[in-house]
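**Q** structure, please.
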Amino acid sequence: MKKIALLLFTVLFFGCNSEDENSNATENMYFPPIGSSTWETKTVSSLGWNESQVQPLLDYLEEKHTKGFIVLQNGRIVLENYFNGHSATAATYWASAGKTLTATVSGIAEQEGYININNKVSDYLGTGWTSAPLAKENLITNKHLLTMTSGLDDTRGDDVSPANLQYIADAGTRWAYHNVYVKLQDVISQSTGQTWSAYFNAKLRDKIGMTGIWLPYQGLSVYSSNTRSMARFGLLALNEGKWENTQIVPANYMINATTTSQNINLAYGYLWWLNGKTSYHLPQTQYQFSGTLIPSAPSEMYCALGKNDQKIYVIPSRKIVIVRMGDAADGTNFALSDFDETLWQKINAVIN
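**A** This is a model prediction of the structure:
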């Protein structure tokens with residue numbers, strides 16, 4: 001028998017004994033307490049969703065090597081499931097979905113006056129942080145790192161040492177998925193006088209009750225946490241950087257981060273992927289694809305996507321956050337995969 005941890009959901013009461021679409025629309029946003037495992041829940045039926053399609057969704061997730069899966073609506077857990085020997089307390093790495101953590105902390109550091117995203121990277125790291133000619137290196141700003149438009153050669157692997165960061169085009173003229181974004185962590189560390197992890201923990205992780213640590217991975221650092229911590233971060237993003245009554249990240253920065261950031265890859269913000277655009281680029285290619293990133297998903301959706309199908313999907317109008325952690329659904333992939341499209345067809349069968 002499949003071991004599926006399907007929640008027995010509780011129904012929340014707001015002055016009445018049932019919830020209809022109107023009450024859901026006016027219901028207050030919920031934020032789980034800091035330092036507590038308590039998290040309010042809602043039933044699929046209370047939302048008017050299709051209960052008969054939940055099990056097919058869960059079966060598909062288990063078949064596709066999922067470890068953890070959470071659906072939030074208005075901050076409350078509607079589905080929370082663990083598969084393939086995983087558990088609520090077990091940690092999984094975010095891979096490139098964690099790029100959005102770096103983008104978010106960059107907004108906090110800018111608000112606190114430590115950095116300006118429009119300033120050149122060499123203002124913080126000094127010259128020679130790349131192997132590009134000085135004039136070309138000085139074109140690269142923090143914003144170019146946030147938008148994947150540094151102009152540095154993306155074909156040389158994960159190594160971000162100066163010798164491996166070589167010029168291929170002027171900053172801002174070429175979009176290429178590149179791990180050079182991690183230099184933003186050095187920028188923040190240098191400007192704040194703190195280690196990256198210390199600043200991250202104090203300014204983001206601990207303020208929203210996440211757990212997790214940064215781990216070394218192929219010369220970089222990747223974040224690892226349990227599934228609920230990823231859901232907490234998705235909830236912060238849904239609320240434009242606000243956690244309950246505290247604005248942790250400037251709202252205008254979060255809006256910019258989840259809006260088209262340049263005119264080359266319309267489906268990319270500040271290390272966030274954007275659905276519903278007329279074209280998009282993917283990692284490891286310069287080809288421009290026509291159409292939207294995930295056709296079956298809401299056009300307004302933005303998402304954090306990582307290697308081996310780590311996912312955070314945010315749908316603002318529905319106040320929904322969906323998290324998937326696990327191993328690659330179908331072989332190794334770097335961000336987007338065919339899994340996203342099929343998964344969204346099955347999610348739609350539940351929520352629509």
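**Q** is it true that Leu215 touches Ala91?
**A** No - with contact defined as Cβ atoms under 8 Å, Leu215 does not count as touching Ala91 (9.3 Å). Using the backbone N, CA and C atoms, a C-beta is placed for each residue, glycine as well.
**Q** neighbour-wise, which of those two wins?
**A** With neighbours defined as other Cβ atoms under 10 Å, Leu215 and Ala91 compare such that Ala91 has more, 19 against 12.
**Q** please report phi then psi for that one.
**A** When read as degrees, to the nearest 10, the backbone of Ala91 gives phi -100, psi 150.
**Q** quick one: the helices in the chain, in order.
**A** Counting by DSSP state H, the chain has helices at residues 21-26, 54-63, 99-111, 122-125, 134-137, 142-147, 183-192, 196-200, 227-238, 251-257, 338-351.
**Q** quickly list what's touching both of Leu215 and Ala91.
**A** Common contacts of Leu215 and Ala91, defined by Cβ atoms under 8 Å, 6 or more residues apart in numbering, comprise Ser224.
**Q** run the chain-centre distance for stretch 133-147.
**A** The chain centroid and the centroid of stretch 133-147 are separated by 24 Å under Cα atoms, centre = their mean, to the nearest Å.
**Q** with stretch 140-153 instead?
**A** Remark: stretch 140-153 is offset 19 Å from the chain centroid, using Cα atoms, centre = their mean.
**Q** ok, Ala176 - contacts?
**A** By Cβ under 8 Å, 6+ apart, Ala176 lies in contact with Met148, Thr149, Ser150, Leu152, Asp154, Ile168, Gln286.
**Q** gap between it and Leu152?
**A** 8 Å (Cβ to Cβ, to the nearest Å).
**Q** any residues in contact with both of the two?
**A** Common neighbours of Ala176 and Leu152 (Cβ under 8 Å, 6+ apart) are Ile168.
**Q** coming back round to it: which of the contacts of Ala176 tops the neighbour count?
**A** Top of the contacts of Ala176 by neighbour count (other Cβ under 10 Å): Ser150, with 32 neighbours.
**Q** where does that residue fall, phi/psi-wise?
**A** phi -70, psi -20.
**Q** residues touching it, list them.
**A** Ile140, His144, Ala171, Ala176, His178, Val180.
**Q** can you do 6 Å?
**A** Ile140, His144, Ala171, Val180 (Cβ atoms under 6 Å, 6 or more residues apart in numbering).
**Q** quick one: the residue most central in space within the chain from Ala97, how far?
**A** Against the mean C-alpha coordinate of the chain, by Cα atoms, centre = their mean, the closest residue is Ala304 at 2.8 Å. Applying Cβ to Cβ, the value for Ala304 to Ala97 is 4 Å.
**Q** any chance of the helices of the chain in CSV, with mean pLDDT too?
**A** Converted to CSV, the helices of the chain look like this (pLDDT from 0 to 100):
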stretch, mean pLDDT
helix 21-26, 52
helix 54-63, 98
helix 99-111, 98
helix 122-125, 98
helix 134-137, 98
helix 142-147, 98
helix 183-192, 98
helix 196-200, 98
helix 227-238, 98
helix 251-257, 98
helix 338-351, 96
